[in-house]
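Asks: Could you look at this predicted model? Sequence included:
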Amino acid sequence: MARRILASLTMLSGLLASSGGSRAWAQATSPSPPAGQGLHSLFVASGKLFFGTATDTNNINDVPYQAIATNQSEFGMIVPENSQKWEAVQPTLRQFVYNNSDVVASRAKANRQLFRCHTLTWHSQLPQFVSTTSWTRATLTAAIQAHIANVVGHFKGQCYSWDVVNEALADNGTFRNDVFLQTLGTDYLGISFTAAAAADPDTKLYYNDFNLETIKAKADGAVAIVKILQSANVRIDGVGFQAHFNVGQTPNKTSLVATMERFTSLGLDVTLSELDIAHTKLPATPSALEQQSRDYVSAVDACLAVPKCVGITVWQFTDKYSWIPSTFPGKGDACLFTANYTKKPAYFAVSNLLVQAAAAQVQAGGTSAPASASPTAITAKGLGNFLLPLVGNGFGMFLI
Ligand code: XIL
């Protein structure tokens, strides 16, 4: 083991020496990631649990896509982009459909990738019957409980975490005025988290939202959600920052770290759960591509700086399948790979940052146990489930 660490250190210090050894190098454009070391391997070697991507079954027959999506060194975690949402798994009352989401789950297993599960109680992508029924308090409570018991129960033992409640807040930090709030007030939060905990005691339970990174009032609202749950003794393990950013408007590292620490100081893990950084003017100029690189580096570096930031997920890795252009016309090219699967400057910038972070971890005497894997709720049983992929595709590969 010592010899392997030494070999890694030698390799990394060679890379650092040739780069000048500063983090500025992370923003250099000349591509030089170590052969075979994908983002996940490097992130694990930096002390993190996963670098992952959203994916789904719509790209299952795209061979070049799959070659990257299933490469555990690149992505050690996957999350279904759409197939676990309420409209997908329970399109009509009491009829549960798992064909697509099971395919994604079994791909994660076959490729020894962690599996993040997404999402349960959310105002969007709801089936008609949820949005149009005239619910009473009792009937909507029962419907949420039945949905969560069935879905979380179906995937029991397979999900590293669940995004239990998604996007409960308006941008001004007040609660979103959706069917759940209208019928149940904020009680739907506790109802959802309690049901998820009962259905799979070993999965981590997350609140997930966007713009927490940039709008203080919204982060205040998320802190309030955490406190509502904690003061009712309902388990919440983490907060997901979706991190849908625009080039040139991405919060800097200091501000991201400060926002994440508001939640880690409440005892929670945090994660960047849906990272992408969209160009607002297309086609992107070379200088915009450099800005995108700096923005990705800010986001990844912030997670590195927060011990309880467990990992990062990009919301698709290629512009070919990014949700951005169809949802936000005029914006796009938000991913780390082009539509032709070429790595962008942002990919190399992130990779170079992680080479340095991994070297720092080795120099600090880091071992194969990621610093942020040990705190909070990876139970003994859960840890057993998750160490295997880590050893198989992460640090184990890093140790040459
Ligand atoms: C998006 C998907 O990427 C799209 O394919 C779909 O049409 C709409 O939803 N926040 C979330 C994700 O939590 O589930 C959303 O995903 C993007 C915003």
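Replies: In hand now; what should we look at?

Asks: what sits against the residue in the stretch 151-300 of the chain that the ligand sits nearest to?
Replies: Per CB to the nearest ligand atom, Asn166 is where the stretch 151-300 of the chain lies closest to the ligand, at 5.1 Å. No exception for glycine: its C-beta is placed from N, CA and C like everyone else's. Taking CB atoms under 8 Å, 6 or more residues apart in numbering, we find Asn166 in contact with 118-122, 124, 208-209.

Asks: who's in contact with the residue of the stretch 251-400 of the chain found nearest the ligand?
Replies: Proximity of the stretch 251-400 of the chain to the ligand (CB to the nearest ligand atom) peaks at Trp323, 3.3 Å away. When contacts are counted by CB under 8 Å, 6+ apart, Trp323 touches 81, 315-316.

Asks: I'd like those residues as CSV, with pLDDT, distance to the ligand and secondary structure appended.
Replies: CSV is the format used below for the contacts of Trp323 (pLDDT from 0 to 100; distance: CB to the nearest ligand atom, whole Å; DSSP: H, G, I helix; E, B strand; the rest coil):
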residue, pLDDT, distance to the ligand, secondary structure
Glu81, 98, 5, coil
Trp315, 98, 6, coil
Gln316, 98, 7, coil
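
Asks: Can you tell me which of these has the most neighbours?
Replies: With neighbours taken as other CB atoms under 10 Å, the top of the contacts of Trp323 is Gln316, carrying 25 neighbours.

Asks: check contacts around it.
Replies: 53-55, 81, 276, 322-323, 335.

Asks: Of those, which pair is most distant in space?
Replies: Thr55 and Asp276 (13.5 Å; CB to CB).

Asks: can you list the residues of the stretch 151-300 of the chain near the ligand?
Replies: 166, 242, 274 (CB under 6 Å from any ligand atom).

Asks: ok, back up a step: mind putting the contacts of Asn166 into JSON lines with neighbour count, pLDDT and secondary structure?
Replies: Listed next are the contacts of Asn166 as JSON lines, based on neighbours: other CB atoms under 10 Å; pLDDT from 0 to 100; DSSP: H, G, I helix; E, B strand; the rest coil:
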{"residue": "His118", "neighbour count": "27", "pLDDT": "98", "secondary structure": "strand"}
{"residue": "Thr119", "neighbour count": "24", "pLDDT": "98", "secondary structure": "strand"}
{"residue": "Leu120", "neighbour count": "25", "pLDDT": "98", "secondary structure": "strand"}
{"residue": "Thr121", "neighbour count": "25", "pLDDT": "98", "secondary structure": "strand"}
{"residue": "Trp122", "neighbour count": "22", "pLDDT": "98", "secondary structure": "strand"}
{"residue": "Ser124", "neighbour count": "13", "pLDDT": "98", "secondary structure": "coil"}
{"residue": "Asn208", "neighbour count": "26", "pLDDT": "99", "secondary structure": "strand"}
{"residue": "Asp209", "neighbour count": "25", "pLDDT": "98", "secondary structure": "strand"}
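
Asks: For those, work out which two are farthest apart.
Replies: Leu120 and Asp209 (13.9 Å).

Asks: The helix or strand hosting Ala149: what's the following helix or strand?
Replies: Ala149 belongs to helix 137-154 when assigned by DSSP states H and E. Moving toward the C-terminus from helix 137-154, the first helix or strand encountered (DSSP H and E) is strand 161-166.

Asks: Direction included, what does that next one pair up with?
Replies: strand 114-122 (parallel), strand 204-209 (parallel) (DSSP bridges).

Asks: contact partners of the shortest one?
Replies: Under the contact criterion CB under 8 Å, 6+ apart, strand 204-209 has outside partners 118-119, 160-169, 193, 196-197, 218, 222, 225-226, 235-242, 269, 271, 273, 376-378.
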